[in-house]
Each structure stands twice: as structure tokens, then as C-alpha cells.
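Engineer: quick one: sequence and predicted model below, then my questions.
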Amino acid sequence: MAVDKRLDGGWVVGAEYNYTQDINAVYYSNINLNESNGFALSGIDNRIRYNTSTTTSLNNSSKYYSGTPTATLANPNIGNAILMSNSSKGYTYTLTAKIQRTTENLAYGIAYTHSVAKNTAESGSTASSLWSAAPVANQDPNAANLGYASYYQPNRIIANFAYKINEGDYLSTTIGAIYELANNGVNSYVYNGDLNGDGNSGNDLMYIPKTAADINLVKVNSGGLGTDTKNVTDTRTAAQIWSQLDAFISNSTYLNTHRGQYAKRNAAVAPYYSKLDLNITQDLKLKVGKSTNTLRFSLDVINAGNLINRDWGVVKIPTATNILKYEGLAADGKTPSFSLPFQTGTTPFTQPYQNSTSISSRWQMMFGIKYLFN
């Protein structure tokens, strides 16, 4: 649904609304996941765990059919048995407002788009990976859990400008610019490991602690009991680990404003990026017989701000989205223990985002030449 209103002076204002609803979208479940073995973890994060192993080395208790100790017809060795079902929960909407003006040699405008996108399955290439990659919190991993899509971009502003200069009958120059301001993607904060014991590592959404009492912290690689010493070089106390974790959470707008809650899928919105693209095009008209052809020269500077200042036009990406490592269960067999690995050496994670060194944070320049036949 859209509406445009043309005003005097070449002005146009408009608005557009798009809505898409899933009708028979597909979601995935693993019917070999033995949910009858599930038990609630102890503490504030009391999600269901489907594996009876108290360590990070899982056994086969989360499967109906595992072929243990020997595969038979009655107990075959089956990994994931994925069932594809339909869901109508997913939806997407975008709302755009714009204003623009066009005259004989000048055009400019600006538009703002707000959008929301949610679905029940994504981030995989096969049925098995689509199930195993779905981030879950205190939810049934076999349910059609609705969450933000990975392409969710809540806010975007884009502006354009073009000015044409006629320099006689055979030469013209056009100067153009496009400016974009938008969120640079979304991410999910998950645990490093398989907390809920469904056989999938790295997809269990993090519970965001309010205080040190909300989480059992141990040294890196010290196990659920926190007593292992093999391969342990972490010398921090639990209080020191909490101090570093608390500082990281405080530096994250999303984590800090959602303390005492489960992180949601793709709900942590990255900081805005700002990009300015410039273009200069020069057209030279050539008389060839009875035809008038055009020789066009162009210069494009992508992310021109970064050419002017190395700190401009830089994209921010997550430093880490799995800062907490699941070490195993404590002595009661129900309380999970977590460690806080270092970012590098003995330097802890402090900031949730860092500058990207990819091509998206670099300026690019392109020269072009075209010959246009009339």
C-alpha cells in the first residue's frame, strides 16, 4: 500500500507500507530428541536440559535411538531425524516515508524506513542445520519458536542528490551523492557449548545476569565443579570474573537493558553505520553521421568519508557473541557452571563491538568509460 502526493515546485511526498504473512512456512524439529529425559536446571536460568551428562561431553541420553551400546533393529544408530512442519507465525513489515524534489537539472530527496521481520526457521542449508542452528532460550527446541530474522534492519535513512551542469551543446557534467545511515545487522548472544543438551553447540541463548548471584562462574577449562587443573591457566577468582563480565554487560546497550532476562534471537542491534557515495559523470556528445552518440566518463567513490578521514565510514561488528563458555554442571547435577574466556592472552572482553577491517569499512574508487549509441 502506497501513496504519493505531488506538490508545486517539483516536490513529491509519499509513504509506503508493506506487510507479508507466512501461511505455510516450514519449521524443523528433531523427532529423535528424547524430551522425556528433560529436567529443569537449578537457579534463575531453569531451562530444560535433555542430556543427563554433567560434563560438556554429551552421552546419548538425549536420543530415542542411538545404537548404544550396539546398534540393532530395535535400537538403530540415528543422529537427527528431522520433521518438516508448517507454521503461519512469521511476518515482515516495512514502513517508509519519503520526500523528494525534481527540477530541470536538480534532484534530491530523503527517505526513512522502519521494518520488523520475524520467522521460525533460518540460518541453515539443510533440514538438519536449519533445526540445529535455531537459537533457543527456555523454549522447546522442537517448537515453532518465533524470533527476529537475521536480515532484520529496524531503521534506515537514505538520501540522494544529483545536479546536472550543461556546458554547451555537446558537454554536460552530473554530480551525484547517496548517503545512507542504518543499523549494521543484528546478532544473538549465546553460550559457547551445549547447555540444554539437545546435541547442538552454540545455539543456546544466554541468560543475562543481574548480579553475581545469578550465575555460577568458574575458571576456564576447570569443568562444572570448577576443580579441574589440567589445561587451566586462568588465575582469576570468581569475584574477578564477575567484575569483568559485569563490565562487558554494562558496556552493551542491549545486554545492560535486558538484565534478568533471556537474550532473544537476533535482537541485539548493531550500531549505525554511515556511508557517503559520490559520483561524477561527464557526457560528451559526438556527431557520427546522422546520429549523435555519447562518450561517457564516470568516477565513483564508494564510502567517500573514509577517504577523507580513516575514522569515518567504519562499520562496527560484534567483538564476540558467545563470551560465556558452558563448563558443565556443579555437584548437584543441576546448576550450570560458566567461564569467561579471555579475548586475547589475559586481556578480557570489554567492548561489545569493534571496528570491522572488511571492505565495507574501506573507501573504493572506480573509473568508467562507456560509449552509448543513439
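Structural biologist: Yes, it's here.

Engineer: only C-alpha atoms from now on, for both contacts and neighbour counts.
Structural biologist: Fine.

Engineer: for burial, what's the neighbour tally of the closest residue to V186 other than its chain neighbours?
Structural biologist: Of all residues not flanking V186 in the chain, V269 sits nearest, at 4.5 Å (Cα to Cα, 6 or more residues apart in numbering). The number of residues packed near V269 is 19, by other Cα atoms under 10 Å.

Engineer: which residue ranges of the stretch 51-200 of the chain form helices?
Structural biologist: If you assign secondary structure with DSSP state H, counting those that start in this stretch, the helices in the stretch 51-200 of the chain sit at 127-132.

Engineer: all strands of it, in order?
Structural biologist: With DSSP state E, counting those that start in this stretch, the ranges of strands along the stretch 51-200 of the chain come out as 82-87, 91-102, 106-119, 147-148, 155-166, 171-183, 186-187.

Engineer: those strands into TSV, with extra columns for distance to A127, mean neighbour count and mean pLDDT?
Structural biologist: As requested, those are exported to TSV (distance: least, Cα to Cα, whole Å; neighbours: other Cα atoms under 10 Å; pLDDT from 0 to 100):
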stretch	distance to A127	mean neighbour count	mean pLDDT
strand 82-87	7	16	96
strand 91-102	21	17	97
strand 106-119	16	18	97
strand 147-148	18	22	96
strand 155-166	31	17	97
strand 171-183	30	18	97
strand 186-187	22	22	96
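
Engineer: of all those, which one is nearest K287?
Structural biologist: strand 171-183 (12.2 Å; Cα to Cα).

Engineer: sheet partners, orientation included, of that closest one?
Structural biologist: For strand 171-183, the paired strands and their directions (DSSP bridges) read strand 155-166 (antiparallel), strand 272-288 (antiparallel).

Engineer: please identify which of the ones you listed is closest to F297.
Structural biologist: Shortest distance between F297 and the strands paired with strand 171-183, using Cα to Cα, is found for strand 272-288: 5.2 Å.

Engineer: without its sequence neighbours, what residue ends up closest to Y254?
Structural biologist: If you skip the residues right next to it in sequence, Y254 has A268 as its closest partner in space, 5.8 Å away by Cα to Cα, 6+ apart.

Engineer: how many residues are close by the residue nearest to N187 when sequence neighbours are not counted?
Structural biologist: Distances taken as Cα to Cα, 6+ apart put N266 closest to N187, at 4.4 Å, once the chain neighbours are dropped. By other Cα under 10 Å, 19 other residues sit near N266.

Engineer: now swap in T294 and tell me
Structural biologist: T294 has 20 neighbours, counted by other Cα under 10 Å.

Engineer: is it bridged to anything, and to what?
Structural biologist: Applying DSSP bridges to T294 gives these bridge partners: K285, L372.

Engineer: wait, it touches Q282, no?
Structural biologist: No: applying Cα atoms under 8 Å, one finds T294 not in contact with Q282, separated by 9.8 Å.

Engineer: overlap of the contact sets of the two?
Structural biologist: Taking Cα atoms under 8 Å, 6 or more residues apart in numbering as the contact definition, T294 and Q282 share no neighbouring residue.

Engineer: now G305. Its backbone dihedrals?
Structural biologist: As for G305, its main-chain torsions (degrees, to the nearest 10) stand at phi -60, psi -40.

Engineer: give me the distance between the nearest residue to V232 once chain neighbours are set aside and A213.
Structural biologist: Counting by Cα to Cα, 6+ apart, V232 lies nearest to N221, which is 5.7 Å off, once chain neighbours are set aside. Computed as Cα to Cα, to the nearest Å, the N221 to A213 distance reads 21 Å.

Engineer: what kind of secondary structure is the residue nearest to V232 in?
Structural biologist: For N221, the reduced secondary structure class is coil; criterion used: DSSP: H, G, I helix; E, B strand; the rest coil.

Engineer: for it, grab the count of nearby residues.
Structural biologist: Number of residues near N221 (other Cα under 10 Å) recorded here: 23.

Engineer: so what pLDDT did it get?
Structural biologist: Looking at N221, its pLDDT reads 96.

Engineer: then N60?
Structural biologist: As summarised for this prediction, N60 has a pLDDT of 88.

Engineer: check contacts around it.
Structural biologist: With contact taken as Cα under 8 Å, 6+ apart, N60 is in contact with N51, S66, T68.

Engineer: shouldn't the residue nearest to V232 be in contact with T227?
Structural biologist: No: taking contact to mean Cα under 8 Å, the distance of 9.4 Å between N221 and T227 leaves them out of contact.

Engineer: thinking again about what came up before, CSV please, covering the strands paired with strand 171-183 and showing distance to Q21.
Structural biologist: Below are these laid out as CSV (distance: least, Cα to Cα, whole Å):
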stretch, distance to Q21
strand 155-166, 20
strand 272-288, 28
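
Engineer: picking up where we left off before, any idea which of the strands of the stretch 51-200 of the chain gets closest to F367?
Structural biologist: In this view, those are compared for proximity to F367 by Cα to Cα, and strand 171-183 is the closest at 14.4 Å.
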